[in-house]
Each structure stands twice: as C-alpha cells, then as structure tokens.
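Chemist: return atomic coordinates for the entry below.
(chains A and B)
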Amino acid sequence: MRAANKEFGPPVIELGAMGWLRKNLFSNWYNSLLTIFGLYLLYILIPPLVNWIFLDANFVGSTRDDCTNEGACWIFIQQNIKLIFYGLYPTEELWRINFVYLILFISGVYLLIPNLKYKGWVGAFLLIIFPIICVVMLSGGLGLEAVETRLWGGLFLTLVIAGVGIVLSLPIGVMLALGRRSKLPVVSILCTIFIEIWRGVPLITVLFMASNMFPLFMPEGVNFDKLIRALIGVMFFSAAYLAEVVRGGLQAMPKGQYEASQAVGLTYWRMMALVILPQSLKMVIPAIIGSFIAIFKDTTLVLVIGLFDFLGIIQFVGTNPDWLGFSHEGYVFAAAVFWVFCYAMSWYSQRLEKKLDTGR
Amino acid sequence: METDKSRIGSFLFNRSVQGFFYQIITLGLVVLGIYYIVTNTARNMLERGLASGFHFLGVESQFDIGMTLIEYSPTSTYFDSFIVGLLNTLLVAGIGIFFATIIGFTVGIMRLSSNWLIAKIAEAYVEILRNIPLLLQIFFWYFAVLRALPKPKQSLELYDSFFLNNRGLFIPDTVFGEGSSTIFYLFWLTIIISIGIFIWAKRRQNRTGDRFPAFYVSTALILGTFFISLAVTGFPVSFEYPELKGFNFKGGVKLIPELVALTFALAMYTASFIAEVVRGGIMAVSKGQTEAAKSVGLKQNLILRLIIIPQALRVIVPPLTNQYLNLTKNSSLAAAIAYPDLVLVFAGTALMQTGQAIEIIGMVMGVYLFLSLFTSLIMNLFNRFMKVDGER
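Modeler: Here you go, the predicted model:
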C-alpha cells in the first residue's frame, strides 16, 4: 500500500510551497497577472513607508534641528508626549490619572484571565465603585486638589468620553429597546420617536446642539460644564444606536422563550432580566462591540466644539511654531494609536463570538 | 368586605389597567419635561433679547461663502445661505457615494478572489481604513496631502487637462454649442427606446423562450446615435481646458481642496464598509445555487448575471443604502476643514450672527432627519418589492 501511495501520489508541483503558490497565486493567466499587479502595488507602497517610518526616521534628540534624516521626525511626538497623552493636566497631579489607569488595567487583566474566582465581585467593583474613584481622583475632592475639566485633554480625554459614553449608553439603550418593543402604545411610540430622531441626525449637529442649545434649556444659574454637555450628547446618540442593536437581539429570540417564562409565572421585568436579555444580549455582543468601536472613533468630533481630545491636541501641537510642518508624523501616530484600540476591540469581539457560540 | 378587597386587588393587578397607568405616568413625565424645557428656554431667550420665529430667514446675511452652486452674495438672505449649504452638502454626498460605490464593490469582490495576494490586499485595505476615525482621515487628506501640494506653477498634471495643486483640482469644463440640444434629446430618446427593447425582449423570452441580445443592441443604438448625431451637427460639444495664467489657472472647473479632500476621505472610508457589505451579500448566496446553475449547464457569466447577482443584491441593497446615508451624515464633518456645507454655513456662521440656536439647529437636524426617513421609506418599499412570494 505504502509503495503504491508513493508511486501514485499527487505530482510534486501540487505539493508544498510550490503547490500553494500555484494554487493561490498562479492558477491561471489572469490570476498570475493579478498577482504581478499586487506585487507591484506592494512594491511602490511598502518600501517608502517602511523607510519613512523606521529606517530613515529620527528617534533621538530634543529639538527639530535634531531631525536630520529624511524620514519621520518622531522627536516631535517624543517632546510633546505629555500633552498628547494627558492634555494640560497639571504635571504634579498626573499620578492620579495613572492610578486610575492602573486600577483599570489590573481589574481588566483579572477579568480576562480565564477560570479565576470572584470575577463577579471584580465586575461589580468596576461598575459601581470604580466610577466613583474616577470622579474623585480625576476632578478632585476629598482633599485632592480640584482640576478643571478645561485642562483635561489628549488621549486621556478621549478615553474618558468614550468610556462614559460606552458605559452609560448601554443601559439606556437596553431600556429604549425594551420600550420600543413594548405593547403599551404610548411607551413604544415615544421610544421609537426618540431613537429615530437621534439616529437620523449626524453627531456633529448633536454636539452643536449640546453646546449651543443646552444652556437655553436649563433654569437660570444652572450651567453645565462643556465636557458634561458633550458627554450627554454622545451618551444619547450612542444609546439610540445601541437600542437598535439590542432590539435586533430581542427580535431574534424565539417566541417560545417568552411564552415559557410567562407560563412559569415570571413578571415582565423578571422575564426580561432573567430569561430574555441574557440570551439576546449574548447574541448581539459582536454588534454591541461594533457600536463601541463607532463611539470610540466618533469621540474625535468633540474637537469641533472646542474640546482637545487626542486628535484635537495633535492638531493643536502641530500649530506650535517650534514644530510647524510635522503634521504627517502627528497624523500617522494618531492613526496608529486609534487603529490599535479599534482593532483590539474588534479582535476581542471575534474571539468572544467564537467562545460564546454555544450553538442552538 | 372580603369580596371588595379582592375586587380592588384584581383591579389593581389587572394587566391592562396597569398598562394604562404606566402609559399615563410616562406621558405625564414627558409632557412635564418638555414643559420645563420650553418655559426655561422662553425665559432665557427673553433675557437675552432673542426673538423666536423664522423672521431672520428673510434678513440679509452679510457674509460670503467660498463655494456656491447658485448665485449668492453677502446681500443675499439667510435662507439663500441655507440653500447654498444644503446644495454643497448634497454635492459632496453625491460625488462621495459615486466613488465609494466603485471602490467598495471592487474591494469587496477582491476580498473574495481566489488569488491569495489580492484577497489579502483587500483585507488590509478594509481593516486599516475602517479602524481609523474618519475625521483623522479627512485631516490627513486635507492638511497633510492637499495643502502640502506644490503651487499652481508646479502642479501635478494628467494629459494636460487635469491639474492638481494647493489651490485645488482643475478639470476641463464642457461647453455646449449650438445644436447640442438636439444631441441631448436624441440621447434620451434612444435610452427610452432601449428600455422598451428590454421590456419587449423579456416578454418575448417569457413567451417563446428565445433570447434576444437586448444589451448589445441597445448599447449599439445609444452609442451609434450619439456619435452619428455628433458628427452630423458638426461636434458642437467641446471642452474648455484649464490654463495657467499668471499665478493661477483660468478656465475649466475648479474644485476647491476642501471638496477634494472631503470627497476622497468619505469615499475611501465608506468604501471599506461597503466592501464588507458586498462580501457578505455574495457569501450569503449559498454554494448550492452556483452548483445547481452549473449542473443545468449555465455558463460562468450567466451564472453571475442570472443567479448570483440578483440574489446577492437583495442582501446588499438595504445595508448599502444605510452606508449611503452614513456617508451623507458624515459629510457634516466638512465643518472641521471649512468646506462650506450645511453645518458650517448655517449651524456655524449663520448661528453665530443671529443667535437663533433653536430655529437653526432645528432646521439643520430636520434636513438630515428628512433624508434618513425618506431613505428608510424607499428601503421599505424596495424590500416589499423584492420579497419572494412565500418568504416570511
């Protein structure tokens, strides 16, 4: 048998690296042509980029005069790194931000490691106690010096806006989705109108509204901080999008689940909290993370109403007379950071999707 | 007593009675909230000396706009500035949608290619572009690419007719001479005739089973009539090419750099989403369809045209329209690079000058809201039209 297999095995050209090349790149004449075209495309794009970013780039120095090589001047990023990451936050108070990052990092890692005990407690800590710690640590109080929000900026501000938007918009979105599916006509119509209005307009008009119209809505003397106004806008905007995602999950639930929970005598809220939502939210986790990625990218828009988020501060640093003409470096750096965050989230969602796919 | 209690109990725990009360409470809260906001607003506006209403629309605007598709000057009214902004928004959305569709379909089909390298390049395109914020991409194209271009004298050129420099993109303009209206009418006439040919060919095929090469015949008809009429009337349509005069170009059509950067960024960004939509749509057509079509002896191009594309389109079109809508809404980011769109002109400059925040933001939001509701209406009609009989 063995000898026969060897004798009549597939031809060498179908095996190994050669076989792979032949099958995937040169299977017929137009595929070969496409491959050559693709290689050419890579040839004109990749080497100049690699040269500019790494090989010809300047990494050491402190002023623009140290940028003698042809490539990127990363000294520009290095010298402004504090502004880019923390904005105008007072230097002696930076440990407060880092402390918050550290707590978040430790609990995040703890939650990500499989098979550990007390995960529920850590999760509860993150959702209930951690926000309080954040508010106290970041804006001041309890003996800590107050730091005005106009000094907040950079990547830190981006994370604050995205984080608050993500955390607060999910419960609101779930409530809106339940409301829209409600059998009570008044509730369902009101929720539908609310969702469709927010989804129908661009975020930028929402932010304009938050900065120009909110002050008119409030009674005399009540004046919200600019950041809080933007946060409220971002929160409602993303809640409306999440509501539609969650509604998709609710609709995908088989009717039997509703009927069975009613048959065992669960009230509406218990049915939703114990049976329907856990299953339907699990189903739409990838779409929810997709919405989170969208919120994260959309936070860049707050620079239009004068908040200096990550992109805003990079734009601002580029106008510093000492560092004019380095906008390429700034944009490439910002793009790389945003990309890493967004890609990590989408990678995680794909992994979660596979893990949660318990089959039906 | 006992019965009374249970009657009250059954009344209080009756589902429909409970529902009724919940609704009353919700409605009451919403009305109270709106009342609170309205009274606050009315008082605040009174204090700031703002008159409510739309009278300001008839007032002279006293500002100029960098790019206008209709006649506009500082003596025009605020309403005119609204129209200018609206048209500019629609223009950038229209061009953006056109290019996003082309790039998106190309990349989407590339991702399904059996060629490993091509599929990977397309995947890299999608993964890179959709994970970088659009605003950053707009800034990149505007500040890092277009504003960094050479001056008009050293502009990049293509065939001596397209010029790209830091003042914008200059393209040839079409000039219609005498007799061009005849060509125009003939062109439309042949298009209507072609539609007739298609309908007739379809009916004939349904009746007799014979195929008629409607596509080739109508293409020949349209192009043939077009060129013959051009020749007969003595080529009345000509092009006016941009020319370098002094420090800038004269003639042709000038597209301002803001427009070019915005269109570029919008098209490339949205294309990465459209590519995923297209890929999903094609993959949604089950493999059995292709195999069945092959086994009844259809040729490859007929399989694509008659089996795959019609089924894939039903999956593709709804999310595709959604992407078009997203592109239109995203075009409002124009405000960040000072392209005079609806948001910049009206919700920016006009609002600054008049202070009529509620009316102006209401109008701007109304426009976008109308566009999205209108699109979803069309989409619902399309879905009803495309529904296969017997499908849920």
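Chemist: going forward, measure contacts between C-alpha atoms and count neighbours the same way
Modeler: Noted.
Chemist: where are the low-confidence patches of the chain?
Modeler: This is for chain A. A:1-7, A:9-14, A:357-360 (pLDDT under 70).
Chemist: to clarify, I was referring to chain B.
Modeler: Ranges of chain B meeting pLDDT under 70: B:1-13, B:15, B:153, B:177-178, B:236, B:246-247, B:251-252, B:387-392.
Chemist: and the chain, what are its domain boundaries?
Modeler: Going with chain A. Here the domain parsing of chain A from automatic domain parsing is A:2-55, A:90-146, A:155-356.
Chemist: meant chain B, my bad for not saying
Modeler: Split by automatic domain parsing, chain B gives B:2-47, B:78-172+B:241-386, B:173-240.
Chemist: okay if I get the ones you listed as TSV plus distance to chain A and mean neighbour count?
Modeler: Formatted as TSV, the domains of chain B follow (distance: least, Cα to the nearest Cα, whole Å; neighbours: other Cα atoms under 10 Å in any protein chain shown):
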stretch	distance to chain A	mean neighbour count
domain B:2-47	5	13
domain B:78-172+B:241-386	5	19
domain B:173-240	25	14
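Chemist: sorry, back to before: nearest to residue B:206, of the domains of chain A?
Modeler: Closest approach to residue B:206 among the domains of chain A (Cα to Cα): domain A:2-55, 36.4 Å.
Chemist: on that earlier part again, pick the most buried one from the domains of chain A.
Modeler: Among these, domain A:155-356 has the highest mean neighbour count (mean count of other Cα atoms under 10 Å in any protein chain shown), at a mean of 19.
Chemist: how about the strands in the stretch 101-250 of chain B?
Modeler: B:156-158, B:162-165, B:168-171, B:173-176, B:237-240, B:243-245, B:248-250 (DSSP state E, counting those that start in this stretch).
Chemist: can you tell me the strand partners of the second one and which way each runs?
Modeler: Sheet pairing here is set by DSSP bridges, and for strand B:162-165 it gives strand B:156-158 (antiparallel), strand B:168-171 (antiparallel).
Chemist: so what touches the last one?
Modeler: Which is strand B:168-171. B:146, B:161-164, B:241-242, B:249, B:252-258, B:260 (Cα atoms under 8 Å, 6 or more residues apart in numbering or on different chains).
Chemist: which one of the domains of chain B lies closest to residue A:327?
Modeler: domain B:78-172+B:241-386 (6.2 Å).
Chemist: return the subset of the contacts of strand B:168-171 lying in helices.
Modeler: Among the contacts of strand B:168-171, the residues falling in helices (DSSP state H) are B:257-258, B:260.
Chemist: need the contact list for the residue nearest to residue B:197 when sequence neighbours are not counted.
Modeler: Among residues not flanking residue B:197 along the chain, residue B:214 sits closest, at 6.4 Å (Cα to Cα, 6 or more residues apart in numbering or on different chains). Taking Cα under 8 Å, 6+ apart, we find residue B:214 in contact with B:194, B:197-198, B:201.
Chemist: possible to save the strands paired with strand B:162-165 as CSV with distance to residue A:108?
Modeler: Shown next, in CSV, are these (distance: least, Cα to Cα, whole Å):
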stretch, distance to residue A:108
strand B:156-158, 51
strand B:168-171, 48
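Chemist: can you say which of those strands is nearest to residue A:166?
Modeler: strand B:168-171 (39.5 Å).
Chemist: convert the closest one to CSV, retaining C-alpha atoms only.
Modeler: Taking C-alpha atoms only, strand B:168-171 is exported to CSV below (Å, rounded to 0.1, in the frame of the first residue of the first chain):
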residue,chain,number,x,y,z
GLY,B,168,-7.5,72.6,-5.7
LEU,B,169,-8.3,70.3,-8.6
PHE,B,170,-8.8,71.8,-12.0
ILE,B,171,-10.7,69.8,-14.6
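Chemist: chain center to that strand: distance?
Modeler: Mean C-alpha position of strand B:168-171 versus that of the full chain (Cα atoms, centre = their mean, to the nearest Å) differs by 22 Å.
Chemist: dump the strands of the stretch 101-250 of chain B to TSV, plus distance to residue A:277.
Modeler: As requested, those are exported to TSV (distance: least, Cα to Cα, whole Å):
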stretch	distance to residue A:277
strand B:156-158	58
strand B:162-165	55
strand B:168-171	53
strand B:173-176	59
strand B:237-240	63
strand B:243-245	65
strand B:248-250	63
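Chemist: quick one: closest of those strands to residue A:16.
Modeler: Nearest of the strands of the stretch 101-250 of chain B (Cα to Cα): strand B:156-158, 45.7 Å.
Chemist: biggest helix in chain A, by residue count?
Modeler: helix A:327-356.
Chemist: give the other helices and strands that that helix contacts.
Modeler: helix A:75-79, helix A:285-298, helix A:310-317, helix B:134-139 (3 or more Cα pairs under 8 Å, 6 or more residues apart in numbering or on different chains; DSSP states H and E).
Chemist: for the stretch 51-200 of chain A, which residues are neighbours of chain B?
Modeler: Selection of the stretch 51-200 of chain A residues close to chain B by Cα under 8 Å from any Cα of the partner chain yields A:184-187, A:197, A:200.
Chemist: try it again at 10 Å.
Modeler: With Cα under 10 Å from any Cα of the partner chain as the criterion, the stretch 51-200 of chain A meets chain B at residues A:183-188, A:190, A:196-200.
Chemist: quick one: the residues you listed as JSON lines, columns for secondary structure too.
Modeler: What follows is those, written out as JSON lines (DSSP: H, G, I helix; E, B strand; the rest coil):
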{"residue": "A:183", "secondary structure": "coil"}
{"residue": "A:184", "secondary structure": "coil"}
{"residue": "A:185", "secondary structure": "helix"}
{"residue": "A:186", "secondary structure": "helix"}
{"residue": "A:187", "secondary structure": "helix"}
{"residue": "A:188", "secondary structure": "helix"}
{"residue": "A:190", "secondary structure": "helix"}
{"residue": "A:196", "secondary structure": "helix"}
{"residue": "A:197", "secondary structure": "helix"}
{"residue": "A:198", "secondary structure": "helix"}
{"residue": "A:199", "secondary structure": "helix"}
{"residue": "A:200", "secondary structure": "helix"}
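Chemist: between these, which is nearest residue B:66?
Modeler: Among these, residue A:200 lies closest to residue B:66 (Cα to Cα), at 27.9 Å.
Chemist: quick check: that closest one vs residue B:133, distance?
Modeler: Distance, residue A:200 to residue B:133, using Cα to Cα, to the nearest Å: 20 Å.
Chemist: same for the helix or strand harbouring residue B:81, what does it pack against?
Modeler: Following DSSP states H and E, one finds residue B:81 within helix B:78-111. When contacts are defined as 3 or more Cα pairs under 10 Å, 6 or more residues apart in numbering or on different chains; DSSP states H and E, helix B:78-111 packs onto helix B:116-130, helix B:257-284, helix B:309-330, helix B:342, helix B:357-386.
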